[in-house]
Structure formats: structure tokens, C-alpha cells
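# Generate a structure from the sequence data that follows.
(chains A, B, C and D)
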Number of protein chains: 2
Amino acid sequence: MATEAATIMLVDDHPLLRKGLKQLIALEDDMQVVAEASNGQDALRLAPEYDPDLIVLDLNMQGMDGIETLKKLRDAGVTSRIIMLTVSDADDDVVAAITNGADGYLLKDMEPEQLLEQIHRAVTGKMVLSEAITEILATALRQPAKTPSSQLSSLTNREYEILSLIAKGMSNKVIARELDISDGTVKVHVKHLLKKLGLRSRVEAAVWMVNQQGEN
Amino acid sequence: MATEAATIMLVDDHPLLRKGLKQLIALEDDMQVVAEASNGQDALRLAPEYDPDLIVLDLNMQGMDGIETLKKLRDAGVTSRIIMLTVSDADDDVVAAITNGADGYLLKDMEPEQLLEQIHRAVTGKMVLSEAITEILATALRQPAKTPSSQLSSLTNREYEILSLIAKGMSNKVIARELDISDGTVKVHVKHLLKKLGLRSRVEAAVWMVNQQGEN
DNA sequence: AATGGGCTACCCATAAAGGGGTATTTTGAA
DNA sequence: TTCAAAATACCCCTTTATGGGTAGCCCATT
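Residues are numbered from 1 along each chain as shown, chains lettered A, B, ... in the order given. Sure thing, here's the model as predicted:
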């Protein structure tokens, strides 16, 4: 990476934005765009093929959204640095992105020079965050009660109940019998609670919950 | 104990369950709840102080679990009769409870009347077991070989390593990449470690491991 | 009356996990 | 050196889990 130019893949469903970003990056002789994708599926296919140093991922895409793509990329073993690029500064998105393995979160309304500089920093392994984003994260961190990544309080009673049972190692079927509801319904609650907490599996949920309980 | 009401201590981390059980016992004029604890530590402190005739001990508690609490109580010289109350009918738990000095093992899904009757029997010195439990014990007795609950020490280095990663919430695929082996091999190790520990799923394994780590 | 959240339950699909087996290679201890 | 355990990797199969959708019902707020 020292002598060779850093490889970058762009993932955005707006051709114009990709083109602009590509030209912007082309100005730098130590970075080059080696792949482009207009959706999550293509990104998943191309990432392993090109194994870029950096992936710039749009958060707001049709179909598979950025967070979802991010998750799947990490699941697929992609170790490239990944920064999210978006117009949105929704708190939840930021937290979800970071907790799902994003290395940065930049807003599209940044000045091009600044954006380029941040991409530089990202390539060198630093976590990059827009100023507005750092505030959001800082705010989230200042609230000691609920952890940044996940709000236990955002769960409904039922979801919390089911999370507790997961943390005892129970399967959906067992939980269903325990609560006297169908296992399909349990699945729905699990689905929702995983999304709310930004976790990828019941195992993560169980571990997280147990640690949570242990701390209090 | 003949003329006076039998004294009982409840140990369960669910306040609701304690309350319900307490009210249930309050219906009987020959038994009274003299102490309550929501965790193993409190139980260890209160047991010598109140020296109850009977201790009803929840198996599935956060932090120090029921089995561990049971061991420590016996180690501390507590001679009260102790019955385990639980939702779990995991074979190993039953065996572990009995071999560690429990005088009974009841399931929480019993009918209240039946539960009360069993508690009565326990106070009078009889060993009480849920029906489903007796079968498990019988089966276990037929296989004298392997020791009760769970030996971390019986795991190979690789198995322990993988168990630790499971306790971090990782999937087999992720673990495979982490250790640079095939995910099929990870499955084999998981299979073996679950069998050795007498657990039914990676979630149980994760929870068990996290608790294990928290205690040490 | 209308809206929305929460709970229930199902549909569909794919991915992950679990449990049995065989087999090769490596490693360490007898 | 010989043997057994450990680690690796695959085969088979079934079960669980996950993620998307629609939809009805209840209840509270508007």
C-alpha cells in the first residue's frame, strides 16, 4: 500500500455520484477506483473478487440498504475498510453502521476536498467521522444508562422477555412453549429485537444480554 | 420442627416468582418464608444467619448459578434441606444438582398444588423429584462413567479456543476465518464440545461460557 | 373515527447449525 | 517406534435460525 496505489470500490446506486467520486479520487495518484457497484448484490459479488483496500458504501440504496450490505460484507469475510457515505445523519444509522463494523461515516454534503482527505485517512486505517457524526456518537456515549450500540429500553416488554430467555440458551421452539405462543411469533420478536439492538444473531444477543445482566 | 412452623428461604432472581412462591407457602400454616435472596451471594450470607429448614434454590440465576450456589452452601456447612427449582430439565443439571447435595429437583411448570405438596415432602426429609426428572436420574445412573455437569478441563485446546469464540458471539464461518480452518472443521469441534459439556446448542454454550468467565 | 404501536400468526426464501459418519495427517506419550 | 488422541476435512441429512412480506386483533392516543 506504500508503493502501490490504494484500491477502492464504490457502492452507490447513483451513477452520477459514483462518477463524481471516481473523478475526485482519480486526482490522487495514491488511490484508484478498481470496482464499482450500483447495489448491494453486486457489491457482495465484487468485493471478494477485487478485495479493495477501501469500500465506500452508500447507506441509502434501494433494495438491500447500506447497513444490510455492510453486515453481509462482514459476514462474507470482507476485511476491507468500509466507510459509509450518506445524506442521512439519523442517529440510529450511525450507531448501526459503527456497531456493524463500519470504519467511518461521512455525509455527502461535505466539501469534496474534505471528503478526499477523509478517504485518505480511512485508507491509512483511521476511523473517519463527519463532525456532525462525532457529536451524535459523543452524545450517545454521554448517556451512561443505555449503551451506545443498543437500547435495551427501546425493546417492547415482549421482546425483552424473549431476549432474556435467549440469554438462558433457549431455542425459539422452547421459548414458544414457555410463553405459550407460536414459534413463528417468537421468530418475529427475535427478528425485531436483533434489528433494534444491531446484533447479528441470537448468540450475540445472548452474550450481550448476559454481560448486560452481569454488569448491573 | 414438629410444633413450630418449618422455616424456608427462597433463592431466585425473579422477584415475581419469589413473591408467588411466598404467597403460596403463606397459605400453609406449618411453613413460613423467613428469608429471600435474589442471588447466590446473598444466599450464602443469609443461609447461616437464618439456618432455614429448607432452601428453595433457583437453578438458572445470573452470576453464580444454582449449582455453584449449591456447592458453596454445602461447602459452608449449610445443612438445610435444599431443593432446586428450575425451568430446565437438562440432564446434566439434574445429575449435578443431586451429586452436589440437593435434596430435590422440581420444575417450575408444576401445578402450584403439586409444588406445595412436594415442598411439604421436602421439609419432612424426603427427596423430591419431578416425574420427568426421575427418569433422567435413572438413565444417568445406568451410565456411571462420566462425571456430572461439565468439565471445562475435558475440552481440548482447540475446543476451548472455539468455545471462547462462540462466547463472543461468532458464527462457525467467522470462527473458521479467525482460526484459518474450514468451517466444517469448526462444526466438528463445536459438535464435540457440546457433547462433552452436555449442552444442546451454541447459545447454551455461549451463555454457559460467559457465566463461567464472569465467575473466575 | 382514524392512526399507530404492539402482539399475534402465517407465507416465502436462504443461511446456519447440529448430529451422524469416514478418513487423513499431525502430535505426543508410552 | 507404535499407538491414541487431536486436528483437519469432507460426506450425508435434519433441524434451527434469519429476513422479508402480509395481515388480523387489541388498545391507546389523536
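# How confident was the prediction at residue A:62?
At residue A:62, the pLDDT value in this model is 68.
# and residue A:81, what does it touch?
By CB atoms under 8 Å, 6 or more residues apart in numbering or on different chains, the contact list for residue A:81 reads A:53-55, A:103-104, A:122-123, A:125. For the C-beta atoms, the positions are set from N, CA and C on the backbone; glycine is no exception.
# Chain A: helices as residue ranges?
Using DSSP state H, the helices of chain A run over A:15-26, A:40-50, A:66-75, A:91-99, A:112-123, A:131-142, A:157-166, A:172-179, A:183-197, A:202-215.
# What are the buried residues along the first one?
Along helix A:15-26, the positions that meet the burial threshold by neighbour count (16 or more other CB atoms under 10 Å in any protein chain shown) are A:18, A:21, A:24-25.
# Quick check: the nearest residue to residue A:81 once chain neighbours are set aside vs residue A:60, distance?
Of all residues not flanking residue A:81 in the chain, residue A:103 sits nearest, at 4.5 Å (CB to CB, 6 or more residues apart in numbering or on different chains). Plainly put, residue A:103 is 19 Å away from residue A:60 if you go by CB to CB, to the nearest Å.
# which of the contacts of residue A:81 tops the neighbour count?
residue A:55 (29 neighbours; other CB atoms under 10 Å in any protein chain shown).
# Walk me through the domains of chain A.
Domain assignment of chain A by automatic domain parsing yields the ranges A:6-142, A:152-215.
# Present the helices of chain A as TSV; the columns should include distance to residue B:174 and mean pLDDT.
TSV is the format used below for the helices of chain A (distance: least, CB to CB, whole Å; pLDDT from 0 to 100):
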stretch	distance to residue B:174	mean pLDDT
helix A:15-26	30	81
helix A:40-50	15	88
helix A:66-75	8	83
helix A:91-99	16	65
helix A:112-123	23	83
helix A:131-142	25	48
helix A:157-166	19	90
helix A:172-179	22	91
helix A:183-197	16	91
helix A:202-215	11	83
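# Could you export those as CSV, including distance to residue B:166?
Below are the helices of chain A laid out as CSV (distance: least, CB to CB, whole Å):
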stretch, distance to residue B:166
helix A:15-26, 40
helix A:40-50, 25
helix A:66-75, 16
helix A:91-99, 20
helix A:112-123, 31
helix A:131-142, 29
helix A:157-166, 14
helix A:172-179, 19
helix A:183-197, 17
helix A:202-215, 7
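# hmm, back to that, any chance of TSV for the domains of chain A, columns distance to residue B:165?
Below are those laid out as TSV (distance: least, CB to CB, whole Å):
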stretch	distance to residue B:165
domain A:6-142	15
domain A:152-215	10
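# Including distance to DNA strand D, could those domains go into a markdown table?
Converted to a markdown table, the domains of chain A look like this (distance: least, CB to the nearest atom of the strand, whole Å):
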| stretch | distance to DNA strand D |
| --- | --- |
| domain A:6-142 | 5 |
| domain A:152-215 | 3 |
